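**Q** what's the 3D shape of this:
(one chain, ligands or ions: 2)
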Amino acid sequence: YVKNTKEILDKASREGYAIGAFNFNNMEFLQAILEAAEEEKAPVIVATSEGAIKYIGKGDIETGAKLAVEMVRTYAEKLSVPVALHLDHGRDFRIIMTAIKAGYSSVMIDASHLPFEENLRETKKIVEIAHAVGISVEAELGKLKGIEDNVVEKESVLVDPEEAKIFVKETEVDFLAPAIGTSHGAFKFKGEAQLDFERLKKVKEYTQIPLVLHGASMVPQDVVKLANEYGAELSGAKGVPEDMLKKAIELGINKINTDTDLRITFVAYLRKVLSEDKSQIDPRKIFKPVFEHVKEIVKERIRIFGSSGKA
Ligand SMILES: O=C(COP(=O)(O)O)N(O)CCCOP(=O)(O)O
Ligand SMILES: [Zn+2]
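**A** Ligands and ions are numbered 1, 2, ... in the order given. The predicted structure is shown next:
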C-alpha cells in the first residue's frame, strides 16, 4: 500500500537505518524492486526521475505520471510492505505539480544548481503547495560531484552545514540530500572513494531530519566484469564501498538512491542471456532470468541499508 514517504523515513531516522529509493523506468524494474522489498519484508521507495516520467508517457507528462502511479498502486495493494512513490530530481514546476496531482507520495525539488537564496525560495514554494495536500518534499544542498583534489572546488560543491540549518528551518522541507562527495552513474571517483563524513555528521546534528544519499550505487566489480566479458565497455567503473554506506547510515542517512546498480545488473545479464540462448526471441524468456538478478541486487542493497524486516 502507498504510504506517505515522510512516515517511513521518520521511523528510519529514529531507529537508525535507511530505506532504499530505487529508480524504475518500466514495468520489469518496478516488479523486481517490489518483489525484493516484499521478500525482505522491507519498506521501500520507488522513484521516477523526470526522464522516467517522459519515457513511460512517451513524452506526455500526464500520461507518464498517471501510469507510474497506477502501476505502483496496482502492484503495491497486493503487498504487505509499505511502498512510497517518489518524484526524483524534480526541476520543472509543471512536472512536480503533475506528479503531486497524479498521486505521488513525495516529490524532490532539485534547485541545488541555483544560488542558496534561490534554492531556498524555490524549495519553500514547493513545500507550501505539497504540504497543503499532504505530500512530503525532498530538497538538495550542494552539488553532486566527486570531491575534487583542490579545496576550492570542494567548498563550492559540498554542502555547508550552517546553510543546511537555515535552509531546513526556513523551508520546513521533510528530508534533505546533502552533497558529501558522491555523483550519479558508474564512474564516481577518479581515485579512492571519499565521502565527507564530518559534514554529514554536522548536517544531521543541525537539521535533525531524515537525510538522503544520492549517487549511492556500489557498482559491484563482479557484475561489471561479467558485463565486460559479454561485450560491455565499463572499465574504470567505481561506486561507494559497503563500509562507507554503512558509516553514512550510522551518521544519519535514511534514504539511499540506487539506480546504476540495477542498470549494470540488467545490462550484464541481458548480454549474457542473449549470447547464451541465441535462438530465443520471447521477451518473457529473456527478461525473466535477467530481472531475477535485478531483484537479487535490490535485496542485497535492502539488507545492507538495514531495512530488512522493518515493514
Ligand atoms: O542518485 C541517483 C542514482 O544514483 P546512482 O547513479 O549511484 O545509482 N538518482 O537520483 C537517480 C537519478 C536517475 O536520473 P535519470 O533517470 O535522469 O538518469
Ligand atoms: Zn540523484
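
**Q** so where do the strands sit in the stretch 201-311 of the chain?
**A** Under the criterion DSSP state E, counting those that start in this stretch, strands of the stretch 201-311 of the chain are mapped to 211-213, 253-258.

**Q** Out of these, which is closest to ligand 2?
**A** strand 253-258 (4.9 Å; CB to the ion). C-betas here are computed from N, CA, C, even on glycine.

**Q** which other residues reach the closest one?
**A** The contact list for strand 253-258, computed with CB atoms under 8 Å, 6 or more residues apart in numbering, reads 9, 12-13, 17-23, 45, 47, 88, 138, 175, 200, 210-217, 245, 249, 298, 301, 305.

**Q** 7 Å instead?
**A** If you take CB atoms under 7 Å, 6 or more residues apart in numbering as the criterion, strand 253-258 is touched by 9, 12-13, 18-22, 45, 88, 175, 210-214, 216-217, 301, 305.

**Q** What strands flank it, and is each parallel or antiparallel?
**A** Applying DSSP bridges, strand 253-258 is found paired with strand 19-23 (parallel), strand 211-213 (parallel).

**Q** want to throw those strands into a markdown table with mean neighbour count and distance to Glu70?
**A** Formatted as a markdown table, the strands paired with strand 253-258 follow (neighbours: other CB atoms under 10 Å; distance: least, CB to CB, whole Å):
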| stretch | mean neighbour count | distance to Glu70 |
| --- | --- | --- |
| strand 19-23 | 27 | 18 |
| strand 211-213 | 27 | 26 |
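
**Q** Distance to Phe291 and mean pLDDT added to those, as TSV?
**A** Converted to TSV, the strands paired with strand 253-258 look like this (distance: least, CB to CB, whole Å; pLDDT from 0 to 100):
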stretch	distance to Phe291	mean pLDDT
strand 19-23	13	98
strand 211-213	25	98
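
**Q** Show me the one of the ones you listed that comes nearest Glu40.
**A** strand 19-23 (9.3 Å; CB to CB).

**Q** is the closest one anywhere near ligand 2?
**A** No - counting by CB under 5 Å from the ion, ligand 2 is not contacted by strand 19-23; separation bottoms out at 8.6 Å.

**Q** what's the distance between Val44 and Arg263?
**A** 18 Å (CB to CB, to the nearest Å).

**Q** Look at those two and report which has more neighbours.
**A** Val44 (26 against 17; other CB atoms under 10 Å).

**Q** Would you mind measuring from the residue nearest to the more buried one when sequence neighbours are not counted to Glu170?
**A** Spatial nearest neighbour of Val44, excluding adjacent residues (CB to CB, 6 or more residues apart in numbering): Ala37 at 3.6 Å. For Ala37, the distance to Glu170 (CB to CB) stands at 34 Å.

**Q** ok, those two, which is more surrounded?
**A** Neighbour totals were compared for Ala37 and Glu170, and Ala37 leads with 30 against 13 (other CB under 10 Å).

**Q** What parts of the stretch 151-300 of the chain come near ligand 2?
**A** 214, 257.

**Q** who in the stretch 151-300 of the chain is up against ligand 1?
**A** Residues of the stretch 151-300 of the chain lying near ligand 1 by CB under 6 Å from any ligand atom: 184-185, 214-217, 257-260.

**Q** which regions of the chain sit below the pLDDT cut-off?
**A** 1, 146-156 (pLDDT under 70).

**Q** Who does the spatially most central residue of it form a beta bridge with?
**A** Geometric centre of the chain, nearest residue: Asn257, 2.2 Å, by CA atoms, centre = their mean. Counting by DSSP bridges, Asn257 is bridged to Ala21.

**Q** any idea how far Thr182 is from it?
**A** Counting by CB to CB, the gap from Asn257 to Thr182 is 9 Å.

**Q** Check Lys255 too.
**A** Applying CB to CB, the value for Lys255 to Thr182 is 13 Å.

**Q** Of those two, which one has the most company?
**A** For Lys255 and Thr182, the more surrounded residue by other CB under 10 Å is Lys255, and the numbers stand at 29 against 25.
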